[in-house]
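Undergrad: return a 3D structure for these sequence lines:
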Amino acid sequence: MSYLGESIPKLGFGLMRLPMKDKSVDVEQTKEMVDLFISSGFTYFDTAYGYINGKSEGAAKTAIVDRYPREKFQLATKLPAWMGAKTSDEAKQMFWTSLKRTGAEYFDFYLLHNMGATRTKSFDDFGIWDFVLEQKEKGLIKHVGFSFHDKADTLDKLLTEHPEMEFVQLQINYGDWESGSVESRKCHEVARKHGKSVVIMEPVKGGMLAAPAPEVKAVFDGSGSVLSYASWAIRFAASLEGVVTVLSGMSTLEQMKDNVSYMKDFKPLSESEQAVIAKAQEALAGIPSIPCTSCEYCVEGCPKSIRIPSIMEMLNRDLVYKSFQAGKFGYGFETQFGGKASDCIECGKCEEVCPQQIKITERLKDAVAKFE
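TA: Residues are numbered from 1 along each chain as shown. The predicted model follows:
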């Protein structure tokens, strides 16, 4: 059965981690990357209103829109209604700002950005669901959808309430496939149950699967493959059903060369390759970590509204993936929507209800020491 985006090549260029020079986007290197990407047959570019403080959309104009015929590529961007907007007009203005910044005339894929948790309310309050449909009717948007960071049950509810959404963008990678906090597999299954196409983000988990833990490297090294560790992650994601494209946030021309080398003539993972991925997942699961399942019992009674499972996940980024920077970055983002670890008053309510008997107050102190 055909689906939206079936004919789009399965490697997309995510413009969130562009090469930088003197605190600005390195436009010349970005142009080189774009040229290689398009000449290799790829077409999908993904940016957002807030990426690189708005500089990403401007770079898209300079490196792509101003240099290629509009029909040669698909451009996606996103509207974060929760990010600073105080009124409906301010939220809707983000669309017009993005249109001007990119000079794109229209967006092939337009997303409500980062749906889930408390962020969804902004889109409801400001009437953004109807607003994007109005722009679609005018021809300024070809396809509407949303990016999502939350549990599968929440995704199911959103897609039931908004069947007009044509696709979803999900964090999917082999490391998060069975994660209790990300629920990659479950979210993918929910999207497909609703007949929605999927754009995949974070296939390499913010770069963490490009240089995985030694236990995981040993699995891939023992497989006889000469491909990069990142290639395994991206091909795993691209092999899933109903995928529009898999976004890779490439920062260098070398990363672009590597990605196009194995995605140019992409074929889904073979049965033996799937078995290697399964062994890598087992190796990941065997690395000592905080055993948080993101049940969120701890959150319900927290007097400081600390999003404890999210903080445990950031600690695990450091423990399991040896990626302190990814943990610190994620901690800074997640604590925008709830209390910081340092807000904990050690009331113990979280530990009373934790099924895994995690010493949460001690772990929060670890997060303060590491990330604050």
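Undergrad: and this structure, what are its domains?
TA: Taking automatic domain parsing as the criterion, the chain consists of the domains 11-280, 297-371.
Undergrad: residues near the closest residue to residue 264 other than its chain neighbours, how many?
TA: Among residues not flanking residue 264 along the chain, residue 40 sits closest, at 5.3 Å (CB to CB, 6 or more residues apart in numbering). For glycine as for every other residue, the C-beta is placed from the backbone atoms N, C-alpha and C. Here the neighbour count serves as a burial measure; for residue 40 (other CB atoms under 10 Å) it reads 16.
Undergrad: verify the stated contact: residue 40 with residue 259.
TA: No. Applying CB atoms under 8 Å, one finds residue 40 not in contact with residue 259, separated by 9.2 Å.
Undergrad: for the lowest-mean-pLDDT helix or strand in the chain, which positions count as buried?
TA: None of the helices or strands of the chain scores lower by mean pLDDT, DSSP states H and E than helix 297-300, at a mean of 87. By neighbour count on 16 or more other CB atoms under 10 Å, the buried set for helix 297-300 is 297, 298, 299.
Undergrad: helices or strands next to that helix in the packing?
TA: With contacts defined as 3 or more CB pairs under 8 Å, 6 or more residues apart in numbering; DSSP states H and E, the packing partners of helix 297-300 are helix 308-321, helix 349-353.
Undergrad: quick check: buried residues in the longest one?
TA: Using 16+ other CB under 10 Å as the test for burial, helix 308-321 gives 308-321.
Undergrad: stretch 182-192 too?
TA: Of the residues in stretch 182-192, those buried under the neighbour-count criterion (16+ other CB under 10 Å) are 182, 183, 184, 186, 187, 188, 190, 191.
Undergrad: so for the closest residue to the second one other than its chain neighbours, what's the pLDDT?
TA: In other words, residue 183. Spatial nearest neighbour of residue 183, chain neighbours left out: residue 152 (4.8 Å); criterion: CB to CB, 6+ apart. The predicted local confidence for residue 152 comes out at a pLDDT of 97.
Undergrad: now do residue 322
TA: Among the per-residue scores, residue 322 holds a pLDDT of 86.
Undergrad: burial count for it?
TA: 15.
Undergrad: residues contacting the closest residue to it other than its chain neighbours?
TA: Using CB to CB, 6+ apart and skipping residues adjacent in sequence, the residue nearest residue 322 is residue 213, 6.1 Å away. When contacts are counted by CB atoms under 8 Å, 6 or more residues apart in numbering, residue 213 is found next to 283, 284, 287, 320, 321, 322.
Undergrad: I'd say residue 234 and residue 172 touch.
TA: No. If you go by CB under 8 Å, residue 234 and residue 172 don't touch, sitting 10.8 Å apart.
Undergrad: if we can go back for a sec, could you dump the helices and strands packed on helix 297-300 to CSV with distance to residue 226?
TA: Conversion of the helices and strands packed on helix 297-300 to CSV gives the following (distance: least, CB to CB, whole Å):
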stretch, distance to residue 226
helix 308-321, 23
helix 349-353, 47
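Undergrad: out of the ones you listed, which is closest to residue 244?
TA: When these are ranked by distance to residue 244, counting by CB to CB, first place goes to helix 308-321 at 26.2 Å.
Undergrad: just how off-centre is the closest one within its chain?
TA: Taking the mean of its C-alpha atoms, helix 308-321 sits 17 Å from the chain's own mean (CA atoms, centre = their mean, to the nearest Å).
Undergrad: for it, packing partners?
TA: With contacts taken as 3+ CB pairs under 8 Å, 6+ apart, helix 308-321 sits against helix 297-300, helix 324-334, helix 360-371.
Undergrad: could you pull out the strands for the stretch 1-150 of the chain?
TA: 11-14, 20-21, 24-25, 44-46, 74-79, 107-115, 141-148 (DSSP state E, counting those that start in this stretch).
Undergrad: any chance of these in JSON lines, with mean neighbour count too?
TA: As requested, the strands of the stretch 1-150 of the chain are arranged in JSON lines below (neighbours: other CB atoms under 10 Å):
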{"stretch": "strand 11-14", "mean neighbour count": "27"}
{"stretch": "strand 20-21", "mean neighbour count": "12"}
{"stretch": "strand 24-25", "mean neighbour count": "16"}
{"stretch": "strand 44-46", "mean neighbour count": "26"}
{"stretch": "strand 74-79", "mean neighbour count": "26"}
{"stretch": "strand 107-115", "mean neighbour count": "25"}
{"stretch": "strand 141-148", "mean neighbour count": "23"}
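Undergrad: could you dump those to a markdown table with mean pLDDT?
TA: Putting the strands of the stretch 1-150 of the chain into a markdown table (pLDDT from 0 to 100) gives the following:
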| stretch | mean pLDDT |
| --- | --- |
| strand 11-14 | 98 |
| strand 20-21 | 92 |
| strand 24-25 | 94 |
| strand 44-46 | 98 |
| strand 74-79 | 98 |
| strand 107-115 | 97 |
| strand 141-148 | 98 |
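Undergrad: do you know which of those strands lies nearest residue 243?
TA: With respect to residue 243, and counting by CB to CB, the nearest of the strands of the stretch 1-150 of the chain is strand 11-14 at 9.9 Å.
Undergrad: thank you, goodbye.
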